[in-house]
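Engineer: here's a sequence, model it:
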Amino acid sequence: MNKLVIANLLHRPLRSIISVLAVAIEVIMILSIVGIFMGMLNDQKQRTNGIGADLMMRPSGASIFNGISGAPMSVKLAEPLRRLPHVAVVSPTIVNFNTTGDFGVIDGIEYDSFDALKPFAYLEGGRFQGPNDAIIDDVLASPKPGSNRGYHAGDPIKIMDREFRISGIVEHGKGARKLIPIDTMGPFIGAEGKASIFYIKTDNPENEQTVIQEIHNTPGFADYPVMTMDEWLTEMTPAKLPGFNIALRTITGIAVIIGFLVIFQSMYTAVLERTREIGILKSMGASKPAIVTVVLRETAFLAVSGVVVGIAGTYGVRLLLAHLFPTQHFEITSQWIVQGALIAFGGSLLGALYPAWMAARKDPIDALAYE
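Structural biologist: Down below sits the predicted model:
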């Protein structure tokens, strides 16, 4: 029976290849959108955690995703926070999610306090020397695809459609890949003298809850949410990423429909072409379940081949994106590989059910008389 299945697939190689590619595209679509979203999420988690803060204070009702909620808090709030017991450093920061040419997160920082949270590790240059200076990390500074030269200290760089001078290049992992003075960013986004987040370092991590209580007991600070970095990291999940589940369900639905229709068309046509073959099998005593099994075995072979090609293709997409967009993280997890494979395999079998049922119902006399 397995030889028959293989022979049937090889009899129409182009149709079989198209079916395999349809399943592969289904897998690639699912794994790619998950890889991109998870890469962005985990990259932000790692770089925010690398800032060196113990606590984060955000505006009331603000999103936990940095850069989405604007900058509504006055930087003057930093002074009463600095006077609290067990508070070592308070750094007001504007985290701006830029959607123009330099797509991504840009930090507007108060240099001295931000550096005090955890000192920058400079590879070139140093701190801001003026309002139009910028600090970038080594990932952004590396040469772009098709270029032999990246950025160096002293080079010009365009940020938020304005030209800055690179004062320093630092090791990646501490905040955004582009950092400019907070006093420069504020007027750019209509938030002069404002901050979107306060990073707080305690004198001892054991005093984190004590400091949180002190902040909430301070007049005027009761409504400001304060959380530890560990609490923030646990909140940064795909379920809380705006639009993640909607986008994933949409892409998954489209992918399943593509795979379903291609497999359905392929197996339906195959059943029509093999009417006499089915009649011969039934006249030799093949039962309806046996006929269904033949069709589903062919589908399973196509689906497994498509899943393998799709997984390999996803790794190819990751390599391509890493070459074209070095700052974009793309994460492929074993959990999602399994889920994507099961979704594609299940959709393929679903698409083959009606052709299999139609084949099993064929009358052997009519089938043998079919020309």
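Engineer: buried set for the lengthiest strand in the chain?
Structural biologist: In the chain, assigned by DSSP state E, the strand with the most residues is strand 87-98. For strand 87-98, the neighbour count (16 or more other C-beta atoms under 10 Å) marks 87, 89, 90, 91, 92, 93, 94, 95, 96, 98 as buried. Every C-beta, even on glycine, is put in place using the N, C-alpha and C of the backbone.
Engineer: any idea which of those is the one closest to residue 325?
Structural biologist: Nearest to residue 325 out of the buried residues of strand 87-98 is residue 98 (C-beta to C-beta; 15.4 Å).
Engineer: check contacts around the closest one.
Structural biologist: If you count contacts by C-beta atoms under 8 Å, 6 or more residues apart in numbering, residue 98 has them with 104, 105, 106, 160.
Engineer: most neighbours, which of the residues you listed?
Structural biologist: In terms of neighbour count, residue 106 stands highest of those at 23 neighbours, by other C-beta atoms under 10 Å.
Engineer: against residue 13, how distant is it?
Structural biologist: Remark: distance between residue 106 and residue 13 (C-beta to C-beta, to the nearest Å) = 52 Å.
Engineer: re the thing from before, each with direction, which strands does whatever helix or strand comes next after the longest strand of the chain pair with?
Structural biologist: Remark: after strand 87-98, the chain's next helix or strand is strand 104-109, criterion DSSP states H and E. Strand pairing for strand 104-109, using DSSP bridges, gives strand 87-98 (antiparallel), strand 178-181 (parallel).
Engineer: just send these back as TSV, with distance to residue 237 too.
Structural biologist: Formatted as TSV, the strands paired with strand 104-109 follow (distance: least, C-beta to C-beta, whole Å):
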stretch	distance to residue 237
strand 87-98	19
strand 178-181	26
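Engineer: nearest spatial neighbour of residue 266, skipping sequence neighbours?
Structural biologist: Closest residue in space to residue 266, ignoring its immediate chain neighbours: residue 19 at 4.6 Å, by C-beta to C-beta, 6 or more residues apart in numbering.
Engineer: which strand or helix spans that neighbour?
Structural biologist: Assigned by DSSP H and E, residue 19 belongs to helix 13-49.
Engineer: next helix or strand past that helix?
Structural biologist: Of the helices and strands lying after helix 13-49 in sequence (DSSP H and E), the nearest is strand 55-57.
Engineer: from the contact counts, what lies against that following strand?
Structural biologist: Strand 55-57 sits against strand 197-202, helix 208-217, strand 226-228, helix 229-235, with contacts defined as 3 or more C-beta pairs under 8 Å, 6 or more residues apart in numbering; DSSP states H and E.
Engineer: buried stuff in the host helix or strand of residue 78?
Structural biologist: Using DSSP H and E, residue 78 sits in helix 78-82. Neighbour counts over helix 78-82 (16+ other C-beta under 10 Å) mark 78, 81 as buried.
Engineer: picking that back up, how far off centre is the longest strand of the chain?
Structural biologist: 24 Å (C-alpha atoms, centre = their mean, to the nearest Å).
Engineer: now the closest residue to residue 142 other than its chain neighbours: how far from residue 123?
Structural biologist: Excluding the flanking residues, the one nearest residue 142 by C-beta to C-beta, 6+ apart is residue 150, at 4.9 Å. Distance from residue 150 to residue 123, counting by C-beta to C-beta: 11 Å.
Engineer: what touches both of those two?
Structural biologist: residue 141.
Engineer: related to what we said a few turns ago, hmm, the residue nearest to residue 266 is touching residue 302, no?
Structural biologist: Yes. Using C-beta atoms under 8 Å, residue 19 is in contact with residue 302, at 4.7 Å.
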